[in-house]
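In: 3D, please:
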Amino acid sequence: MLLPKDPFNVIIGGVGGQGNVLASQILGEMLIAKGYIITIGETYGASQRGGSVMSHLRVSGKEPFSPLIPEGQADLLIALEPVEGLRILAPYGNPKILTLLNTRPIYPIDVISGNAAYPEVSKVIATIQELSRRVWTLNATEIALEMGDPIFANIVMLGALSAINVLPIDRKAFESVTIDLLPSRMMNENMTAFDRGKERVEALPQPQSGY
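Out: The predicted model follows:
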């Protein structure tokens with residue numbers, strides 16, 4: 001598969017504890033295994049306390065690029081949390097951006113304590129759809145919880161990413177990379193999470209063509 005454009009700019013965004021950085025590492029390693037040149041930049045809020053975490057991946061078949069994506073030039077957003085996705089789209093989005101969205105919110109301390117309100121999720125999703133060329137939605141956290149642990153949500157999202165046919169990643173590449181990156185005792189669960197994310201997106205009533 002050829003890249004839709006070069007460089008192809010990917011942002012993975014979420015909050016601390018969602019496995020954002022691990023997801024970017026796995027995705028980067030999968031693409032390196034396919035022969036692409038990857039540069040990754042990370043930005044952190046108070047990540048250990050549920051703050052924003054954002055990974056920039058710049059994918060090229062030609063040369064390395066600076067690690068941070070210029071504003072307005074993201075091609076694909078993988079949002080692990082709805083409001084974080086909307087927050088990222090404001091500076092980095094453009095009319096052609098594609099968004100893969102985990103619809104399950106994570107409420108910050110201010111919301112839990114009653115000092116702030118979380119926006120209505122349906123309205124957040126609708127706004128993300130307005131700001132994106134195409135949006136794929138799934139409740140990756142719920143899928144992970146069905147497996148017994150929300151920690152698998154980031155892997156569910158990688159499986160979902162493989163189903164939208166935008167980047168050249170697949171189950172075989174995921175398995176070969178995670179043998180070295182993830183505990184061997186959890187390999188079966190990670191493969192299941194990847195498969196369930198892929199299956200969920202394939203079942204969506206949306207076109208599955210690429211960019």
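
In: could I get the contacting residues of residue 150?
Out: Residues touching residue 150, when contacts are defined by Cβ atoms under 8 Å, 6 or more residues apart in numbering, comprise 141, 144. Yep, even glycine has a C-beta here, placed from its N, CA and C like the rest.

In: contacts for stretch 174-194?
Out: Stretch 174-194 is touched from outside by 22, 25-26, 29-30, 33, 143-144, 147, 149, 152-153, 155-156, 158-159, 162, 171, with contacts defined as Cβ under 8 Å, 6+ apart.

In: try it again with 6 Å
Out: Outside stretch 174-194, the residues within contact range by Cβ atoms under 6 Å, 6 or more residues apart in numbering are 26, 29, 30, 152, 155, 156, 159.

In: strands along this structure, start to end?
Out: Per DSSP state E, the chain has strands spanning 8-15, 37-44, 52-60, 76-79, 98-102, 134-138. These are given in chain order.

In: let's have those strands in a markdown table, adding distance to residue 127 and mean pLDDT.
Out: Shown next, in a markdown table, are these (distance: least, Cβ to Cβ, whole Å; pLDDT from 0 to 100):
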| stretch | distance to residue 127 | mean pLDDT |
| --- | --- | --- |
| strand 8-15 | 15 | 96 |
| strand 37-44 | 22 | 88 |
| strand 52-60 | 18 | 94 |
| strand 76-79 | 12 | 98 |
| strand 98-102 | 11 | 98 |
| strand 134-138 | 10 | 97 |
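
In: which stretches of the protein have low pLDDT?
Out: Low-confidence segments of the chain, defined by pLDDT under 70, are located at 44-50, 206-211.

In: centre-most residue in it?
Out: residue 78 (2.8 Å; Cα atoms, centre = their mean).

In: so who does that residue touch?
Out: Applying Cβ under 6 Å, 6+ apart to residue 78 gives the contacts 12, 100, 157.

In: mind doing that once more with 7 Å?
Out: Contacts for residue 78 (Cβ atoms under 7 Å, 6 or more residues apart in numbering) come out as 10, 12, 100, 157, 161.

In: quick check: the gap between it and residue 116.
Out: When distance is defined by Cβ to Cβ, to the nearest Å, residue 78 is 26 Å away from residue 116.

In: thanks again, I'm all set now.
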